[in-house]
Structure formats: C-alpha cells, structure tokens
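> The following comprises the amino acid sequence and a computationally predicted model.
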Amino acid sequence: MEKLIVKTGVYSFLIALLIGVVFFKDTTVVKYDGSAVTELIQLPLRQYLFKLLRFSSLLSLVAMAIAWISRYFVITKEKTRFGVLLKSYIIAFLLVLLIIFSVACILFLLNRP
C-alpha cells in the first residue's frame, strides 16, 4: 500500500506541475483605456516557480489522500482477477486526473483578470 501512495504522489506531482505550466500565466497584459498602449507585466521567476510548486504539492497531497482512502476502505472477500484489478486502477487514475484537471480549470478561471 505504501508503494501505491508514493507512486500516486510522484506521478500526480509531475502531472500537476505540467498542468500548472500550461494554465498559469507568467505574464499579464494591461490595456490602458482610450489608447492603443498595452503593457506587459511579467512575474519574477521565483514567484512563478513557487506558485507552480504550491499548486503541484497541494494536488499531490490530495491525490495521495484519495489513494489512501480508496485502498483503506475497499473491502472484498473474493479474489480479484487481473482484468478487474487493471480496470479499477485505470478508473482510479482517470478520476484523479479529472479532479486535478477540474481544480486546475477552477484556479485558471479564478486567476483570469
């Protein structure tokens, strides 16, 4: 069980980091009223990296908690075949990806000006 939680943490951290790179902008465009002048404001690299790391760490902890809860509360008294096991892992992986993607979309929509 420990191996599953560690793998879930590592893989969800990497996936969340990639999602964060795609959705978090490091630049902001400011348009001034009444003129065609625009200003491009760029976040410092340190602030941007900490934003990505904070996002990835949070989603990784959530995915690890979900993995632990799903393993802790599943009680079956019959032997599981390989196909059923593979199907359950694929469903759990897709659910974690869906949760990560939905949180990323919500955060993306909240960060838009």
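Arrived safely, thanks for sending. Note that this is a predicted model, so its numbers are computed, not measured.
> Sort out which residues of the longest helix along the chain are buried, please.
Assignment by DSSP state H gives helix 82-111 as the longest helix of the chain. Judged by neighbour count (16 or more other Cβ atoms under 10 Å), helix 82-111 contains these buried residues: 92-93, 96, 100, 103-104, 107. (C-beta placed from N, C-alpha, C; glycine too.)
> could those residues be laid out in TSV, adding distance to Leu59 and pLDDT?
Output for those, formatted as TSV (distance: Cβ to Cβ, whole Å; pLDDT from 0 to 100):
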residue	distance to Leu59	pLDDT
Ala92	15	79
Phe93	14	79
Val96	9	82
Ile100	5	85
Val103	6	84
Ala104	8	84
Leu107	10	82
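> Let me have these in CSV, adding distance to Gln47 as columns.
Shown next, in CSV, are these (distance: Cβ to Cβ, whole Å):
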residue, distance to Gln47
Ala92, 34
Phe93, 32
Val96, 28
Ile100, 22
Val103, 20
Ala104, 19
Leu107, 16
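> what's the closest of those to Ile19?
Set against Ile19, the nearest of the buried residues of helix 82-111 by Cβ to Cβ is Ala104 (4.6 Å).
> which residues are in contact with stretch 29-41?
27-28 (Cβ atoms under 8 Å, 6 or more residues apart in numbering).
> ends of it, how far apart?
6 Å (Cα to Cα, to the nearest Å).
> Surely Val29 is within a strand?
Yes - the assignment for Val29 (DSSP: H, G, I helix; E, B strand; the rest coil) places it in a strand.
> Could you give the bridge partners of it?
With DSSP bridges as the criterion, Val29 is bridged to Leu40.
> Need the phi and psi values for the residue of the chain most remote from its centre.
Distance from the centre of the chain peaks at Gly34, with 39.6 Å (Cα atoms, centre = their mean). Phi and psi for Gly34, reported as degrees, to the nearest 10, are phi 80, psi 10.
> Also the one 10 residues further on?
Backbone geometry at Pro44, expressed as degrees, to the nearest 10, gives phi -60, psi 150.
> Flag the shaky bits of this protein, pLDDT-wise.
For the chain, the stretches with pLDDT under 70 are 1, 72-86, 112-113.
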